[in-house]
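Student: model this:
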Amino acid sequence: MSAEEDYYDLLTRELSMLSSSYFEDNPVPTCQVISGSGYGWYIDAADKNMVRVPRGSEVVVVQETPDKKGKILVRADYRYLWIHEKEVIELGFN
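Tutor: As a prediction, this is how the structure comes out:
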């Protein structure tokens, strides 16, 4: 075996271990949306103001554990929102 083949095998093994451990520790998020149709009013986490957001918007859950009021922190279209956990629907993978 040449040094190039040894290096290639080592690199392949390391990348395989890194990628598999990364996805075990960080599962790929599924697609989630705000339930319903029309618009909803939610609290913007940064401004602490109510903002109007179209229902059906795709969101990414940032904090899965709800606060005392049952709201979770999500990321939606350039802002972070506090939304009641029952209003977020998981669609899965498309």
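Student: show me the contacts for residue 47.
Tutor: Shown in contact with residue 47 (C-beta atoms under 8 Å, 6 or more residues apart in numbering): no residues. The C-beta positions use only the backbone N, C-alpha and C, and glycine is treated the same way.
Student: before we move on, what SS does it have?
Tutor: Under DSSP: H, G, I helix; E, B strand; the rest coil, residue 47 falls in the coil class.
Student: need phi/psi at it.
Tutor: Residue 47 has phi and psi values of phi -90, psi -20 when expressed as degrees, to the nearest 10.
Student: could you do residue 83 as well?
Tutor: The phi/psi pair for residue 83 (degrees, to the nearest 10) is phi -130, psi 140.
Student: is it in a bridge, and if so with what?
Tutor: Beta-bridge partners of residue 83, counted by DSSP bridges, are residue 72.
Student: that one contacts residue 42, doesn't it?
Tutor: Yes. Between residue 83 and residue 42 there is a contact at 5.4 Å, judged by C-beta atoms under 8 Å.
Student: overlap in contacts of these two?
Tutor: Common neighbours of residue 83 and residue 42 (C-beta under 8 Å, 6+ apart) do not exist.
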